[in-house]
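In: Could you look at this predicted model? Sequence included:
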Amino acid sequence: MNNEFTFAIKRLRFDENYRPSQNTRITTNFANLARGEKRRENLHNALTMIDDRFNALAHWDNPEGNRYSVQLDIVSVDMIVGVEHQSDTFPAIEVLQTSIVDRKTGKRIEGVVGNNFSSYLRDYDFSVRLLEHNRHQSGFSVPEDFGDLHGKLFQHFVNSKAYTQNFGKPPVICLSVSDSKTYHRTGNQHPVLGVEYQPNDSSLTELYFRKMGLEVRYFMPAGSVAPLAFYFFGDLLNDYSNLELASTIATMETFQRIYRPEIYNAHSAAGERYQPDLKNRDHSPTDVVYDREERSELAVEQGRFAEERLIKPYRTLLEQVVRELRA
């Protein structure tokens, strides 16, 4: 199986000059910002928000709040499928890697890989397969093997030579909370991650990411108004430094403030009991706006792309991969 699936990694700096590549999902957070007439203004505003938030979190030995800058690289992972002396390349996933520039010392500090998570195959699972599975059913249900292929391929990548040669630590992926769940504040508190929350129930997203081998914990950092979901391997609180965690919070909270201002740019913070509300009017939009309706429509197109380029031509091989990785 190792000869049939290998991975190639490419990096592209996410800055004010960024333009999405042909293989980038255009619904991806960072790609959304780089479209339209205001693309450069969008990028500038988002990057400034990230730096400001990071300096607010990393406030020690930082009296003027401008000691650090966060640099972002888009990490594109191509999956190379080898069949009968031929090979085909599929854009498997894209994530972000943070780096922290200390303006005081001139040092560059490696941050966290992961953060944002973009996957055509996930689009296929949620926007094509799940809809087709429920099309003729009276109630909602999930296929028993839902997420198996995606999860096994992701774990295969994280354990691959390509990953271990490029990254020193496992990935951390940061997502928004679910508006269908209720979250309760606990007594646990971390100096950077903030106050921990626990949901009243698990979600389909949690199930999906669990099949990728990832656990989840929910924290609301100081200065935030809602918890974030942190998906990780190992020990989130002890495997990563405060600066590493701050780089993830600053990056992903900025994206969420732009895309879900009803939750992450609300005027009041989550209390002891919190239920996110995407219809909340008591919020402020940011200067960066995107089209949610277009994003939903494009997710289906992107799922069909995965179906035509990967699922259909390599179905037998992919089923074999899942069986072997289960063993």
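Out: That came in fine, so what should we check first?
In: ok, for Tyr274, nearest residue in space, not its chain neighbours?
Out: Tyr183 (4.6 Å; Cβ to Cβ, 6 or more residues apart in numbering). (Glycine included, C-beta is placed from N, CA and C.)
In: Number of residues surrounding that neighbour?
Out: 23 (other Cβ atoms under 10 Å).
In: Worst mean pLDDT across the helices and strands of the chain, which element?
Out: Taking mean pLDDT, DSSP states H and E as the measure, the chain has helix 29-33 as its least confident helix or strand, at a mean of 71.
In: Which elements pack onto it?
Out: If you count contacts as 3 or more Cβ pairs under 8 Å, 6 or more residues apart in numbering; DSSP states H and E, helix 29-33 packs onto helix 39-57, strand 108-119, helix 242-259.
In: CA atoms only: put it into CSV for me.
Out: C-alpha atoms of helix 29-33 as CSV (Å, rounded to 0.1, in the frame of the first residue of the first chain):
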residue,chain,number,x,y,z
ASN,A,29,-10.9,30.4,4.4
PHE,A,30,-7.7,31.9,3.1
ALA,A,31,-8.8,31.6,-0.6
ASN,A,32,-12.1,33.4,0.1
LEU,A,33,-10.2,36.4,1.2
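In: which residue ranges form the helices in the stretch 101-250 of the chain?
Out: 120-124, 130-134, 148-158, 161-166, 204-210, 236-239, 242-259 (DSSP state H, counting those that start in this stretch).
In: sorry, back to before: for the residue nearest to Tyr274, list each beta-bridge partner.
Out: Beta bridges link Tyr183 to Pro199, Tyr274 when assigned by DSSP bridges.
In: Just tell me which of the helices of the stretch 101-250 of the chain ends up closest to Ala266.
Out: helix 242-259 (9.8 Å; Cβ to Cβ).
In: for this structure, which spans come out with low pLDDT?
Out: Along the chain, the model assigns pLDDT under 70 to residues 1-3, 22-29, 83-86, 289-296, 325-327.
In: What are the contacting residues of stretch 262-274?
Out: 176-177, 179, 182-185, 197, 220, 224-227, 253, 256-257, 276-286 (Cβ atoms under 8 Å, 6 or more residues apart in numbering).
In: among these, which ones are buried?
Out: Using 16 or more other Cβ atoms under 10 Å as the burial test, the contacts of stretch 262-274 include 176-177, 183, 185, 197, 220, 224-227, 253, 256-257, 276, 280, 283, 286 as buried.
In: ok now the least confident helix or strand of the chain, how far from the chain's centre?
Out: Centroid separation between helix 29-33 and its chain, computed with Cα atoms, centre = their mean, to the nearest Å, is 12 Å.
In: what does stretch 56-75 give?
Out: On Cα atoms, centre = their mean, the centre of stretch 56-75 falls 20 Å from that of its chain.
In: thinking again about what came up before, nearest to Asn62, of the helices of the stretch 101-250 of the chain?
Out: Closest of the helices of the stretch 101-250 of the chain to Asn62 is helix 242-259, at 10.9 Å (criterion: Cβ to Cβ).
In: Summarise which helices and strands the closest one is packed against.
Out: If contacts are counted by 3+ Cβ pairs under 8 Å, 6+ apart, helix 242-259 sits against helix 29-33, helix 39-57, strand 68-83, strand 86-102, strand 108-119, strand 172-176, strand 228-232, helix 261-264.
In: and the angle from it to strand 228-232?
Out: Interaxial angle of helix 242-259 relative to strand 228-232 (axes from the mean of the first three to the mean of the last three Cα atoms, to 10 degrees): 130 degrees.
In: Name the residues of helix 242-259 that come out as buried.
Out: For helix 242-259, by 16+ other Cβ under 10 Å, it's 243-259.
In: need the contact list for Glu307.
Out: Tyr124, Val128.
In: and it, helix, strand or coil?
Out: What DSSP: H, G, I helix; E, B strand; the rest coil gives for Glu307 is helix.
In: measure it to Arg103 for me?
Out: 47 Å (Cβ to Cβ, to the nearest Å).
In: go on, Glu4?
Out: 47 Å.
In: quick one: which of the two has more around it?
Out: Glu4 (16 against 11).
In: residue contacts, Leu245?
Out: Applying Cβ under 8 Å, 6+ apart, we find Leu245 in contact with Val112, Val192, Leu193.
In: Just to check, the last one is in contact with Phe232?
Out: Think Leu193. No - with contact defined as Cβ atoms under 8 Å, Leu193 does not count as touching Phe232 (11.1 Å).
In: gap between His150 and Val322?
Out: Relative to Val322, and taking Cβ to Cβ, His150 is found at 10 Å.
In: Of those two, which one has the most company?
Out: Legend: neighbour count by other Cβ under 10 Å for His150 and Val322, higher for His150 (24 against 16).
In: one step back: ok, which of the helices of the stretch 101-250 of the chain comes nearest Ile80?
Out: So among the helices of the stretch 101-250 of the chain, helix 161-166 is nearest, using Cβ to Cβ, at 9.9 Å.
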